[in-house]
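[1] Give me coordinates for this.
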Amino acid sequence: MRRRAAIVLAMLLAVTGCGSGESAEQEAGRLTLAAPRDLVAGPQDPYFTHQTLQVWEPLVTVDDKLRPVPALATAWAGADGGKRWTFTLRDGVRFSDGTPLTADAVVANVRRFRQMAPRQSAFFSLDAGMEVAYGKLADVRAEDGKVVFVLREPVADLPGRLAGFYSMVQSPKAFTATGDFAGNPVGTGPYTLVKWVKGQQAELAANPHYHGGAPPYQKIVVKVIPDANARVAALRAGEVDGLVDKGALLSGQVAAVAADDRFRVVRTPSALTHYLTFNGSREPFSDPRLREAAELAIDRRTIADKLLAGTARPGAAFLSPAFGELSDPGVAAAYDPAKARKLVETAGPPAAPVTILISSAETGQFPYTDIAEVLRAALEQVGMPAKVTVAEATKSVMEAGDYDIFLSAYSVPNGDADYLFRRFLRSDASWNVERKLGYRSEEFDKLVDQAAAEVEPARRRELYHRIQRLLADDRPMIPLAYQDNPIVTTEKVGGVVQNSAYVVDLGKLTPSR
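    Numbering: from 1, shown residues only. Model (predicted):
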């Protein structure tokens with residue numbers, strides 16, 4: 001009996017041990033992350049998923065200095081003074097359904113975007129029309145296995161414009177006749193979208209047809225945790241292996257998380273900039289003297305160093321330093337409350353308290369509640385009483401004109417500075433017109449168009465510097481701070497790479513040895 005009991009016990013232990021081994025092996029092939037927002041938007045969105053999830057790939061992407069680098073296109077060449085661009089595709093690429101990537105498939109994607117625009121997106125909208133992405137496109141076609149863009153007017157940096165979202169490529173079979181998705185996305189990235197529960201989580205699986213070889217993880221789950229403290233609590237409790245996307249860590253959380261040996265914090269300079277947008281279509285900020293007074297009242301260094309806890313630099317030029325030499329180092333931001341008070345006295349104080357609008361969604365990514373209170377106090381000290389308004393649907397509030405200053409963070413979907421000028425501030429820009437900025441400048445419009453077509457780098461740089469000096473004088477929007485984007489993983493995760501557009505390459509994440 002004893003011998004039989006011993007044999008049974010040994011068998012039970014063997015079975016238990018085997019089960020534990022399988023569980024550990026399965027766990028080793030799974031990664032769980034969290035983000036402040038949903039990185040899946042659904043079948044009516046132009047992209048369905050954010051680029052971070054690596055379900056789809058673009059023709060061109062950007063590096064850590066916002067320079068265009070190869071993705072599905074391995075090379076490109078401009079001709080005819082920037083009116084013709086030819087892109088060579090990577091060999092041996094298949095979509096996740098096994099069908100090959102072809103030039104015709106790329107062309108179908110570009111034509112879909114043009115058909116859909118203007119269309120809102122949870123990520124980067126097509127609401128400005130496709131001229132923001134492609135310029136004045138006369139034709140896009142497949143020639144000898146390559147993709148050719150033919151433009152009516154020159155575009156100096158089409159690869160930069162296309163980088164990221166505007167050159168997303170998915171199988172044409174994934175789309176309906178209206179451009180919506182027929183089912184799940186069908187891309188060429190290392191992962192596929194298996195399951196999605198809106199506002200809760202997305203489940204990714206390794207793409208068996210990925211051209212870069214088998215992804216390190218068989219399964220990645222990305223949870224949606226909007227509350228910043230809850231995200232860090234989940235990380236500390238071991239419920240997630242990392243926090244990614246913009247605002248993954250609040251600025252004030254970075255030091256404490258980085259001091260914990262269990263975690264690795266990666267801080268990457270990004271194109272993400274905190275801007276103050278003025279409603280210039282009505283008083284008080286239709287008066288340029290009061291826009292100047294508001295700017296002079298703000299201590300940007302204190303906001304960057306204290307409220308953003310050193311994860312940001314004080315803003316000055318409209319373009320972030322992430323744009324390299326295109327950002328104008330000659331633009332300075334003064335802090336002069338005494339001069340601000342004199343300007344308010346001369347112009348006359350506002351008849352009603354100035355409204356500072358912030359988005360409730362962004363309060364989980366950045367300390368906007370605290371920053372808005374500091375802005376309110378600064379304005380009051382120079383003679384402009386103010387109040388803070390937190391709204392969920394800031395778009396509708398702005399379109400109704402029911403705000404005076406809007407605090408928000410903006411980046412670019414590509415590697416080209418033209419996006420920010422053309423989408424936000426050109427006289428006919430949808431953002432400018434619909435959200436009541438009231439900015440009209442023939443000189444600005446002319447300079448933006450000249451810079452977009454200028455192929456000589458030094459001349460283009462000078463045009464962008466002139467644009468930024470003009471904006472520094474006119475102040476339709478002012479850069480408050482240039483934001484780094486801190487993300488974090490546990491020590492069990494390696495290969496963390498994040499570019500200047502705060503896209504984390506999930507395909508490069510690997511289990512640490």
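[2] how close does the closest residue to Asp80 other than its chain neighbours sit to Ala77?
    In space, and not counting its chain neighbours, Asp80 is closest to Pro154: 7.9 Å by CB to CB, 6 or more residues apart in numbering. All C-beta atoms are positioned from the backbone trio N, CA, C, and that covers glycine. From Pro154 across to Ala77, the span is 14 Å (CB to CB, to the nearest Å).
[3] do the same with Pro159
    Look at Pro159 and Ala77: by CB to CB, they are 10 Å apart.
[4] shared neighbours of those two, anything?
    Trp85 (CB atoms under 8 Å, 6 or more residues apart in numbering).
[5] So for these two, which residue has more residues nearby?
    Taking neighbours as other CB atoms under 10 Å, Pro159 and Ala77 compare with Pro159 leading, 25 against 11.
[6] And the host helix or strand of that one, what does it pack against?
    Under the criterion of DSSP states H and E, Pro159 resides in helix 158-162. Applying 3 or more CB pairs under 8 Å, 6 or more residues apart in numbering; DSSP states H and E, one finds that helix 158-162 makes contact with strand 60-62, strand 68-70, strand 73-79, strand 84-89, helix 131-134.
[7] starting at the chain centroid, how far to the strand ranked longest in the chain?
    Using DSSP state E, we find that the single longest strand of the chain is strand 263-278. Between the centre of strand 263-278 and the centre of its chain there are 10 Å (CA atoms, centre = their mean, to the nearest Å).
[8] okay, now the closest residue to Asp299 other than its chain neighbours: neighbour count?
    The shortest distance from Asp299 to any non-neighbouring residue, by CB to CB, 6+ apart, is to Tyr335 (5.1 Å). Close neighbours of Tyr335, defined as other CB under 10 Å, add up to 16.
[9] my hunch is that Tyr335 is in a helix, does that hold up?
    No - secondary structure of Tyr335 (DSSP: H, G, I helix; E, B strand; the rest coil): coil, not part of a helix.
[10] Relative to Arg301, how far out is it?
    Applying CB to CB, the value for Tyr335 to Arg301 is 7 Å.
[11] before we move on, the earlier item: which residues are contacting the following helix or strand past the longest strand of the chain?
    The helix or strand immediately downstream of strand 263-278 is helix 288-296, counting by DSSP H and E. Helix 288-296 is contacted by residues 276, 278, 280, 284-285, 333-337, 339-341, 343-344, 346-347, 350, 354, 379, 382, 384, 405, 474-475, 478 when judged by CB under 8 Å, 6+ apart.
[12] Got a ChimeraX select line for the buried ones in the residues you listed?
    This is how ChimeraX selects the buried members of those, with burial counted by 16 or more other CB atoms under 10 Å:
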select :276,278,280,284,285,333,335,340,341,343,344,347,350,354,379,382,384,405,474,475,478
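[13] close enough to count as contact, Tyr217 and Leu509?
    Yes - the pair Tyr217 / Leu509 is scored as a contact, 6.9 Å apart, by CB atoms under 8 Å.
[14] Overlap in contacts, these two.
    What both Tyr217 and Leu509 touch, as defined by CB under 8 Å, 6+ apart, is the set Leu31.
[15] Now do the strands in the stretch 401-513 of the chain.
    Ranges of strands in the stretch 401-513 of the chain, per DSSP state E, counting those that start in this stretch, are 405-410, 477-490, 493-494, 510-511.
[16] follow-up on the earlier one: hey, which of the helices and strands packed on helix 158-162 is tucked in deepest?
    Highest mean neighbour count of those: strand 60-62, a mean of 25 (counted as mean count of other CB atoms under 10 Å).
[17] That strand pairs with which strands?
    The strands that strand 60-62 pairs with in its sheet are strand 68-70 (antiparallel) (by DSSP bridges).
[18] that older thread, give the rounded mean pLDDT of the helix or strand following the helix holding Pro159.
    As assigned by DSSP H and E, the chain's next helix or strand after helix 158-162 is strand 168-169. Averaging pLDDT along strand 168-169 gives 98.
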